[in-house]
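Enquirer: Sequence first, then the predicted structure, then my questions.
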Amino acid sequence: MNVQLSEKIQQLKKERNAIILAHNYQPGEIQDLADFTGDSLALSVKAAGTEADVIVFCGVRFMAETAAILSPGKTVLLPDKHAGCPLADMITAEQLRELKRNHPDAAAVCYVNSSAEVKAESDYCCTSSNAIEVVESLPGNKEIIFVPDQHLGRFVSEKTGREMILWPGYCATHAAITEDDIKNARTAYPDAVVMAHPECTEPVKKLSDQILSTGQMLKYARQSEAKRFIVATETGIIHTLKKENPGKEFFPASKRAVCPNMKRITLEKVLWSLEDMHYQVIVPEQIRTRAKNALDRMVKVLPASPDSRQASRGGPTK
Ligand code: CIZ
C-alpha cells in the first residue's frame, strides 16, 4: 500500500466526513483502505446507517446508484466514471417496460445488478443471496419476469420450481470461468471445496460443491472445516478470504475471472475523487423513490434486515 497516498486519503476523508466502501471484487489495497467491505446491498445499507455526508463507493455504477437510492441526503462518489457493469447495461428500462407490456400480469423481479431505472420499473429487487426467497414469496400462479442475469434466474427457477421469463443477460467475468477450469482445479486440489457464484454458467455450477453469493462465500469459508477452497467468482474476493482465514488456502477457479470495471478503481482515483468531489452519482428523485419501492418490497418478504440476513441466512444452496 502506498502510505503517503493512503494518509492523504484518510485526511481528506475526515475533512469531508466521508466513508469509503469497497466491494468484495475490488483490488486488495482498496479493500484494505475501506471502512467497510462487502456486497453491494450490504454496503449501501451500512452507509445509509452512518452519519457520513459523503460515500465513496469503490465498485461499479449500479452499486453507487444503490447507495444513492438508500441515502438521498448524502453525496455518493464513484472514483471512476467509466466503472460500469456490462451485465446491468444489458437491459434498459424501455426493454423491461416492453417485456411487462407483453406479460401484463407478471411480477417483475430485478437482480440488484441493474440500473436505477430498471429497478424503478421492477416490482421487486433481489440479491444473489435472497433471490430464491423473493421468488418463493410470490403466489404460485403468478407469472414472473426475471432480469437481467439468465444464469442466476435459471438457478432460482430450478431451486423454486417456478418457470420464469428470463432476460438473456450475463456477467462476462463469470462466463469466462469454464467447466475445464473447474475440472483442472479439482485435479490440482482434489481435497478443495468448490464455491461458485450463481452468476456462473449452469455447467460450472453443476460441477461445484456450493453455490454462494460473495457474502455467503465469506461466511461459508469462515465456518467450514475444509482447509482448501476453489473460488469460482471474481478473484478480488480471494484477498478477504485469505485475510480472514490465515490457516486456509484459496485458489481462483480461473485467473481470467477479473472484472476490468472493478479494477478501474485505484488509490489515486479515490484521492482525486475526494479532492474534487467527483464523480457524483445522482439518481433523479422520481426514479429513486420507485427504485426504493422495489428494494423495500424485497426487504418486506424477508424476515430480517439485509445485514443480519446475510449473516443468518447465508447458508449454502446447491
Ligand atoms: O451484489 C453484489 O454485490 C454482487 C455483484 C454479487 C454478490 O454475490 O455479492
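Expert: Cool, got the structure.
Enquirer: When you work out contacts or count neighbours from here on, use the C-alpha atoms and nothing else.
Expert: Fine.
Enquirer: List the contacts of residue 123.
Expert: The contact partners of residue 123, by Cα atoms under 8 Å, 6 or more residues apart in numbering, come to 107, 108, 109, 293, 294, 297.
Enquirer: ignore the last one, residue 20
Expert: With contact taken as Cα under 8 Å, 6+ apart, residue 20 is in contact with 33, 34, 35, 36, 55, 56, 57, 58.
Enquirer: Now do the contacts for the fourth one.
Expert: If I follow you right, that is residue 36. 20, 21, 22, 43.
Enquirer: Can you check the pLDDT for it?
Expert: At residue 36, the model reports a pLDDT of 98.
Enquirer: next one: residue 3
Expert: pLDDT recorded at residue 3 is 83.
Enquirer: now it: how far from the ligand?
Expert: Distance of residue 3 to the ligand, given as Cα to the nearest ligand atom, to the nearest Å: 28 Å.
Enquirer: What about that residue, how many residues nearby?
Expert: Residue 3 sits with 8 neighbouring residues when counted by other Cα atoms under 10 Å.
Enquirer: Against which helices or strands is the helix or strand hosting residue 4 packed?
Expert: If you go by DSSP states H and E, residue 4 is part of helix 3-16. Helix 3-16 sits against helix 267-276, with contacts defined as 3 or more Cα pairs under 8 Å, 6 or more residues apart in numbering; DSSP states H and E.
Enquirer: How far off centre is the helix it packs on?
Expert: 23 Å (Cα atoms, centre = their mean, to the nearest Å).
Enquirer: and what of stretch 202-209?
Expert: Remark: stretch 202-209 is offset 20 Å from the chain centroid, using Cα atoms, centre = their mean.
Enquirer: Next: stretch 16-31.
Expert: 14 Å.
Enquirer: Buried ones in it, by neighbour count?
Expert: Across stretch 16-31, burial judged by 16 or more other Cα atoms under 10 Å covers 16, 18-28, 30-31.
Enquirer: mind saving the C-alpha coords of it as PDB?
Expert: Written as PDB, here are the backbone C-alpha positions of stretch 16-31 (Å, rounded to 0.1, in the frame of the first residue of the first chain):
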ATOM      1  CA  ARG A  16     -15.300  15.700   4.100                       C
ATOM      2  CA  ASN A  17     -16.900  13.500   6.700                       C
ATOM      3  CA  ALA A  18     -16.700  10.700   4.200                       C
ATOM      4  CA  ILE A  19     -16.800   6.900   4.300                       C
ATOM      5  CA  ILE A  20     -15.200   4.600   1.900                       C
ATOM      6  CA  LEU A  21     -17.000   1.400   0.800                       C
ATOM      7  CA  ALA A  22     -15.200  -1.300  -1.200                       C
ATOM      8  CA  HIS A  23     -17.000  -4.200  -2.900                       C
ATOM      9  CA  ASN A  24     -15.600  -7.700  -2.400                       C
ATOM     10  CA  TYR A  25     -14.300  -7.700  -6.000                       C
ATOM     11  CA  GLN A  26     -12.100  -4.600  -5.500                       C
ATOM     12  CA  PRO A  27      -8.300  -4.700  -5.700                       C
ATOM     13  CA  GLY A  28      -6.800  -5.700  -2.300                       C
ATOM     14  CA  GLU A  29      -5.300  -2.300  -1.500                       C
ATOM     15  CA  ILE A  30      -8.700  -0.700  -2.000                       C
ATOM     16  CA  GLN A  31     -10.400  -3.200   0.300                       C
END
